[in-house]
Every structure is written in C-alpha cells, then in structure tokens.
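J.: Have a look; sequence and predicted model below, questions after that.
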Amino acid sequence: GEYKDPWSAIFFASDYFDDMYKYAEELITKGLAYVCELTPDQLSEYRGNLTTPGKDSPYRNRSVEENLRLFREMRDGKIEDGKMVLRAKIDMQSNNINMRDPTLYRVRKVPHHRTGDKWCIYPMYDFAHCLSDAAEGITHSLCTLEFEDHRPLYDWFLDNVSAKCHPQQIEFSRLNIQYTVLSKRKLITLVEKKVVDGWDDPRMPTICGMRRRGYTPEALALFADRIGISKADSNIDMSVLEDCVRADLEDRAPRAFAVLDPIKVTITNWPKDKKEVFEAPVHPKYPERGTRKVTFSGSVYIDSSDFMENPPSKFFRLGPDRMVRLKFAYVVHCNKVVKDASGKVVELECTYIPETRAGNTPEGMKKVKGIIQWVSCDDAMPITVRTYDRLFSVPWPGKDQPDGDFLKDINANSLQVVSGYVEPSMATCNTDLPFQFERIGYYYKDEILSKESNNWVFNRVCTLRDTWAKEASSSE
C-alpha cells in the first residue's frame, strides 16, 4: 500500500498494531522469535550484564508450531499477565545487551486509550519504533544518543520482516537548555505539583507554552539553525533562544507605547480641553507599514523608572527642575513633585515647551537628551501584564542540591503581575505577532486570560536586551 504522509496528520503506534502483530508472526515463522515463560526475575538473570554473557532460555528452541499456538493464545487472552512474553531469537552472547533476545510482546489485559479492548498483548518500544517508522515511509529516524546502542536492534528487526522500507536511525546529542528542564518526568512534576499553571504555562519549554508566551515559529527555526546538531553534549544558554526571539521580532513586531508602573504627569500650562494627535510609525525601519495615531493631552502617564527625585549626573530622564522629551510630542519641564501621605511620588506637575513639538529644538535651546514613552490619561487602555522570567534561578536545576531536588531551585520571581496602560491604537492593530512596547520589551496578548478576565492581558515574551547576562556578571 501507500505510505502514510507523515505531515498530513498525527499518527500513533497503535495505528499499526495489526501490522506489528503480523510481523511478529512472520518472525516466529522464520524461527526468529519464540514464546518464553521465564519470570521477570529469571529474564533479568538469564540476560547477564555488561561483564557476564547471557544464557539461553530453556524455551528458546520451541518449534515454530508451538510458538505460533502460544502467541495466539496470548493474543486471545488465554494467558495471564506476566506468564509469557514473545522474544526475538538473536544472540545471548552479544556484547550489546539489547541484542540478547529482547522482548517483543507482553501480556497486558488493560484497555488501550485508542484501541479499547481489542488487544491484550502490546509491542515493546524497540519493536514498535522501527516498524512505525517504516509504515510512514520515514527515511531517517533521528534519535538522541541513548538510542545508539539500540540501532543494531532497530536494523535487525527491519532486516528480518517484510516492511516496505528500511529507515536509517541517526543519533545526536539531546538539547539541554539552561535555566529550564526538558525531561518529561520533570515537566510532569511541575504540572502535577502546580508549580506552573499547566502544560501551556508560558514558562514551560513546551510548544503550547512557547506559543502562548509569544515565541514565533521563525524564532524557533532560527534557534535550531544556530545551535546545529552534534554528538557532543550541548548545553545551550537560555539567552541564545531569547536572542533568536529578539532577532525575529525586531523587524516584525509592531511598536506601541506602554506604561507599566505609571506616574501621572499634569501639564499645568496646557490649554484646557485641548487634545493633539500625533502620528507615529508602526515600525521605525519600515515606513511602508503605516502609522498609528497617539493622542496627547494635558495629563499623561509616564513610567516611574523614568523619574528620579535625586538623579545621578548621567540620568537623562525626568527629575525636579529637569527636562525630558515625550516621544513624538513635546519637551516637558518638571516643576513640582507631589507625594502621598506615605511619601510616595504620585504626580509630577510640569510645563511643556510649545516650540518643541514633534521633535523640534528651537534655536538657542540646548537639545534634550532624554526621550521617554507616555500614554494619555484620557484614552489610555488599561492592561494586565504578566512578566515572565526564567523558571529556575540556576543554570542546572537540582545539580547542586544534595538530594538532587530540582524544585528547590525554582525562581520565586519567575512571574510578576502588574497593571499598566497602553496607547489606544492597539485596539485596531490587526496582528497575531507580539508587540514591542517601546523601551520595555516584547509582549504578546494572552487570548485565554483576556477572555476570562474581560481585560487585556499581555505576557512578556522577552526583554529588549539580555538582562540576565548583566546580572550574572555583576554578581561574580
């Protein structure tokens, strides 16, 4: 028959259970498989170890007819769990333990999640692996290095059954990324212990998690291209993946103003009820992508990090009796700092310089170095921002723990939730891409949480630069 197109759907080993059973009978008919009644402990004893050769099972030389009869009894549910297995007849003296008459089928009287009660015998992984590849017309079966010793068995099965093709197994080192875990066992632990919010938690290194975080397919393809493959251990810093995300989004992500820790700025000399609309590029490098409209009024929000009451000499943003440019709009001068009862800064009273509109610097005025983003208080859209960081605080979780418990290295600050504002033009920006919140980072709308909360929720994809490298170097 025709090969299944491996790209047309999701396939399961259970799709081929009928064929696998036929191949098992084919091996029996050729005298290359037999039904064995050794107990699990005896099987282990007879197999030997790395320094001791194996011993032949007393059932190894059963006739083809007897093996077929017993195997069919296993299939028909007449044999209890653990009483018999079907084994390949290869070489009990082999230096490769995988070749010492491995088990092909065992009795398991449990329903299968896809085939129901049709089968009570199930193939072992090594047998199912190669035959599934062959059924799908796979040319090269890519495995991690731990399967290298299994390749002779992979080839033996395919050489001795009438499969439609013989894929080639190739091994390479598994991917290890710092500050996370890729082991299925450990990922399951994170989900079951509710360390994360599920398999699609944006901190998880799963496809659904990365998609929800805002990682693009193009970024992952670039990451795979950059790291390549080899047979040497690959220990990749998380920053390599994040750099690939930045490289992809830099040219693609539409820009927007956002303020995530707002301070109100009141412009005292702004005409009452006056509003101005400025046009800003959707992307500064690509004018053909159009513009977005941002409204300016007498009250705006700026980010608290852009104000310091006692700024150092090289701080070029806002402070008492200092000036800063509100991007695309005007230069403002801070005249008064308003605080609440606890001493927290809650408002800045400023004046604007009309001649500085849209980037102009009037003659005789010193050019203002600081340029910051802002949003108008009148029409800014409230958002919730989930600031995701690395799930673990150390590169190799659990490595330095005496008991190896990787959960002890969880980064307690891997998720922080804040409220902020964005410019209203985002409501009409039709894109499936993350946004670059100017001067902050890349953010992706979380459709699930936005619908649940009836409020816009954004996940941080990554920062504009590698802040972890800076923190690591400062702590050394």
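T.: Cool, the structure landed.
J.: For the chain, give me the ranges with low pLDDT.
T.: 1-4, 6, 466-476 (pLDDT under 70).
J.: Within the helices and strands, which one has the most centrally placed residue in it?
T.: By C-alpha atoms, centre = their mean, the chain has its centre lying nearest to residue 205, at 3.0 Å. Assigned by DSSP states H and E, residue 205 belongs to neither a helix nor a strand.
J.: Residue 457 now?
T.: Assigned by DSSP H and E, residue 457 belongs to strand 456-463.
J.: Would you mind writing the CA trace of that strand as PDB?
T.: What follows is strand 456-463, C-alpha atoms only, in PDB (Å, rounded to 0.1, in the frame of the first residue of the first chain):
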ATOM      1  CA  TRP A 456      -6.400  42.800  28.000                       C
ATOM      2  CA  VAL A 457      -3.700  40.600  29.400                       C
ATOM      3  CA  PHE A 458      -0.200  40.600  27.900                       C
ATOM      4  CA  ASN A 459       2.600  38.100  28.500                       C
ATOM      5  CA  ARG A 460       6.200  39.300  28.400                       C
ATOM      6  CA  VAL A 461       8.000  37.400  25.600                       C
ATOM      7  CA  CYS A 462      11.400  38.800  26.400                       C
ATOM      8  CA  THR A 463      13.300  42.000  27.300                       C
END
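J.: start the count at 2, not 1, going forward
T.: In the new count, where the first residue is 2, that last one comes out as strand 457-464.
J.: Now residue 151. Nearest residue, chain neighbours left out?
T.: Leaving aside its sequence neighbours, residue 151 sits nearest to residue 99 (C-beta to C-beta, 6 or more residues apart in numbering; 5.4 Å). In short, each C-beta sits where N, CA and C put it, glycine included.
J.: Now do that neighbour against residue 156, distance only.
T.: Plainly put, residue 99 is 11 Å away from residue 156 if you go by C-beta to C-beta, to the nearest Å.
J.: Over to residue 369?
T.: For residue 369, the distance to residue 156 equals 72 Å [C-beta to C-beta].
J.: Show me where this protein has its helices.
T.: Using DSSP state H, the helices of the chain run over residues 18-30, 41-48, 65-76, 126-136, 152-161, 185-193, 208-214, 218-228, 239-253, 448-454, 468-476.
J.: what's the longest one in contact with?
T.: When contacts are defined by C-beta atoms under 8 Å, 6 or more residues apart in numbering, helix 239-253 is touched by residues 178-181, 215-217, 219-221, 223-224, 227-228, 284, 286-287, 391, 434-435, 437, 443, 462-467, 469-470.
J.: Now with 7 Å, please.
T.: The contact list for helix 239-253 (C-beta atoms under 7 Å, 6 or more residues apart in numbering) reads 178-181, 216-217, 219-220, 223-224, 227-228, 286, 391, 434-435, 437, 443, 462-463, 467, 469-470.
J.: and it with helix 218-228, angle?
T.: Relative orientation of helix 239-253 versus helix 218-228 (axes from the mean of the first three to the mean of the last three C-alpha atoms, to 10 degrees): 130 degrees.
J.: now helix 239-253 against strand 457-464, angle please.
T.: 120 degrees.
J.: Buried residues of helix 239-253, list them for me.
T.: For helix 239-253, a neighbour-count test (16 or more other C-beta atoms under 10 Å) marks 239-240, 242-247, 249-250, 253 as buried.
J.: export it as PDB, just CAs?
T.: Extracted C-alpha coordinates of helix 239-253, given in PDB (Å, rounded to 0.1, in the frame of the first residue of the first chain):
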ATOM      1  CA  MET A 239      18.700  30.400  27.600                       C
ATOM      2  CA  SER A 240      20.000  33.700  26.200                       C
ATOM      3  CA  VAL A 241      20.700  32.000  22.800                       C
ATOM      4  CA  LEU A 242      17.000  31.200  22.500                       C
ATOM      5  CA  GLU A 243      15.900  34.600  23.700                       C
ATOM      6  CA  ASP A 244      18.300  36.300  21.200                       C
ATOM      7  CA  CYS A 245      16.700  34.400  18.400                       C
ATOM      8  CA  VAL A 246      13.300  35.600  19.500                       C
ATOM      9  CA  ARG A 247      14.600  39.200  19.600                       C
ATOM     10  CA  ALA A 248      16.200  38.800  16.200                       C
ATOM     11  CA  ASP A 249      12.900  37.700  14.700                       C
ATOM     12  CA  LEU A 250      10.700  40.200  16.400                       C
ATOM     13  CA  GLU A 251      12.900  43.200  15.900                       C
ATOM     14  CA  ASP A 252      11.900  43.500  12.300                       C
ATOM     15  CA  ARG A 253       8.400  42.200  12.600                       C
END
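J.: How far away from the center of its chain is it?
T.: Put simply, helix 239-253 sits 13 Å off its chain's centre (C-alpha atoms, centre = their mean, to the nearest Å).
J.: same thing with the second one?
T.: Distance of helix 41-48 from its chain centroid, counting by C-alpha atoms, centre = their mean, is 41 Å.
J.: Might you report the residue contacts of the residue nearest to residue 182 when sequence neighbours are not counted?
T.: Leaving aside its sequence neighbours, residue 182 sits nearest to residue 398 (C-beta to C-beta, 6+ apart; 5.8 Å). Residue 398 is in contact with 182, 407, 410, counting by C-beta under 7 Å, 6+ apart.
J.: For residue 398, give its distance to residue 237.
T.: Per C-beta to C-beta, residue 398 is found 15 Å from residue 237.
J.: before we move on, what about residue 8?
T.: Separation of residue 8 from residue 237 (C-beta to C-beta): 27 Å.
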